[in-house]
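Visitor: no FASTA, just this:
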């Protein structure tokens, strides 16, 4: 039997029941501060109490909860209904439009296989196995499958918390998603700069990206402050603000890129995405002309991170500098041997060698300290510790 409760000057119908020997509770907002009206609505809730407790295929949509009013309806919650509500919740939580769009794509890949009109409570492990088989047949890469899987798991967890599905569904992780780190080596970059088929603007832009480590969209979404490019947290992939140092040439190129984008938008109505993608296409076209097929635009950023890790040896500083969400991402770049980096980027060899010598010198000093068993004074290490303790006391 539902009971009447009041929270913050508004009444609710509270329904308690047992499931698997555990007491559970659901509240239905009555949307009124008048007790007489709340009592009438409480009676309406009690009529559909069994449906509210069940919470699987059907749910009660009460008249006072409908924008247009009318009568209470019994609605069937399908997979698509659950997806729509899940995406609305993401929007309410101020998640980025790109994040919501990516979730929509991942869930669309699921409904394309299992359908969208089925009851949400009918989803099971077999459906996910069908999804995996279908993705494999279509030739999706492990990374694409892993990305879609993450969105599906997030959706299923939402449904479980809402009690639209009675038990958690196990969805194993996708293996072999760790990509090999590739970069635009110094020789390849020089060959690209010498191509006559590539416009000078794009050559300069390639230099900007490889020398700053910016992501493709950051120059256009950021803000120039003095000799810094401020990447705002609202548009940053890592959701944190960071600043990119600019030398005079880099700043000049950045201004040129922004002015070009503004011109294309104003005169031809180009979209931001199309302008950004043009830089990727130009790099891809240049690489193909040189007979290189496996290089992508993001590899310019990889080059910068690899060089910075080899020069500084400080992955924490580099991680913060390039805007990685966690240091584990940066560690993958730092794991590339310095000898390999010097082959890829020979002009940095001298600086990297100097850093390695300093590191070797520091390690040698630490080894020497560890090897000392007896100080020059003749006192043993244990005796020194006793003396220090005595002084402290």
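Guide: Yep, that arrived. Everything numeric here is computed off the predicted structure, so don't read it as measured data.

Visitor: Near residue 253, how many other residues are there?
Guide: Per other C-beta atoms under 10 Å, the neighbour tally for residue 253 reads 22. In this view, the C-beta of every residue, glycine as well, is placed from N, C-alpha and C.

Visitor: And what about it, helix, strand or coil?
Guide: helix (DSSP: H, G, I helix; E, B strand; the rest coil).

Visitor: ok, it - contacts?
Guide: Applying C-beta atoms under 8 Å, 6 or more residues apart in numbering to residue 253 gives the contacts 204-205, 207-208.

Visitor: okay if I get those as a markdown table plus pLDDT?
Guide: Shown next, in a markdown table, are these (pLDDT from 0 to 100):
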| residue | pLDDT |
| --- | --- |
| 204 | 97 |
| 205 | 98 |
| 207 | 97 |
| 208 | 97 |
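
Visitor: So which of these belong to helices?
Guide: 204-205, 207-208 (DSSP state H).

Visitor: For residue 180, give me the backbone phi and psi.
Guide: Here is the backbone geometry of residue 180 (degrees, to the nearest 10): phi -70, psi 130.

Visitor: er, residue 162 I mean
Guide: The phi/psi pair for residue 162 (degrees, to the nearest 10) is phi -80, psi -10.

Visitor: mind giving me the domain split of this structure?
Guide: As given by automatic domain parsing, the domain ranges for the chain are 3-76, 80-161, 186-344.

Visitor: nearest to residue 273, of the contacts of residue 253?
Guide: residue 205 (16.3 Å; C-beta to C-beta).

Visitor: for that closest one, what are its contacts?
Guide: 253, 257, 279.

Visitor: In the chain, which strand is the longest?
Guide: In the chain, with assignment by DSSP state E, the single longest strand is strand 10-19.

Visitor: And that one, what does it pack against?
Guide: strand 3-7, strand 22-29, helix 35-47, helix 49-54 (3 or more C-beta pairs under 8 Å, 6 or more residues apart in numbering; DSSP states H and E).

Visitor: hmm, who's touching the helix or strand containing residue 301?
Guide: Using DSSP states H and E, the element containing residue 301 is helix 298-312. Contact with helix 298-312 is made by 181-185, 189, 206, 209-216, 283, 315, 318, 321-322, 330, 333-334, 336, 338, 341-342, 344-345, 348, 351-352, 355, as judged by C-beta under 8 Å, 6+ apart.

Visitor: Filter these down to just the buried residues.
Guide: Among those, those buried by neighbour count (16 or more other C-beta atoms under 10 Å) are 183-185, 189, 206, 209-215, 283, 315, 318, 321-322, 330, 333-334, 336, 338, 341-342, 344-345, 348, 352, 355.

Visitor: tell me the mean pLDDT for stretch 231-238?
Guide: What stretch 231-238 shows for mean pLDDT is 86.

Visitor: first to last residue in it, what's the distance?
Guide: The straight-line separation of the ends of stretch 231-238 (C-alpha to C-alpha, to the nearest Å) is 10 Å.

Visitor: so how far is it from its chain's centroid?
Guide: Relative to its parent chain, stretch 231-238 has a centroid offset of 11 Å by C-alpha atoms, centre = their mean, to the nearest Å.

Visitor: Now do the buried residues in that stretch.
Guide: 231, 235-236, 238.

Visitor: all strands of the stretch 101-250 of the chain, in order?
Guide: For the stretch 101-250 of the chain, strands defined by DSSP state E, counting those that start in this stretch occupy the ranges 223-225, 228-231, 242-245.

Visitor: Show me the strands paired with the last one, marking each as parallel or antiparallel.
Guide: Strand 242-245 has these partner strands in its sheet, going by DSSP bridges: strand 228-231 (antiparallel).

Visitor: so where's this structure uncertain?
Guide: Counting by pLDDT under 70, the chain shows low-confidence ranges at 54-58, 361-393.

Visitor: redo that, cut-off 50
Guide: Where the chain drops to pLDDT under 50, the residues are 374-393.

Visitor: any idea how far residue 167 is from residue 83?
Guide: 19 Å (C-beta to C-beta, to the nearest Å).

Visitor: likewise residue 210?
Guide: 41 Å.

Visitor: Please apply the same query to residue 355.
Guide: Taken as C-beta to C-beta, the span from residue 355 to residue 83 is 51 Å.

Visitor: ok, residue 305 - how many residues close by?
Guide: By other C-beta under 10 Å, neighbour count at residue 305 equals 24.

Visitor: I should have written residue 247 there, sorry.
Guide: So residue 247, with other C-beta under 10 Å, has 10 neighbours.

Visitor: And residue 256, by the same measure?
Guide: 14.

Visitor: and it, what element?
Guide: Residue 256 belongs to helix 248-268, assigned by DSSP H and E.

Visitor: Return the set of buried residues in that helix.
Guide: Using 16+ other C-beta under 10 Å as the test for burial, helix 248-268 gives 250-251, 253-254, 257, 261, 264.

Visitor: Residue 71 against residue 62, yeah?
Guide: No. Counting by C-beta atoms under 8 Å, residue 62 is not a contact partner of residue 71; they are 9.4 Å apart.
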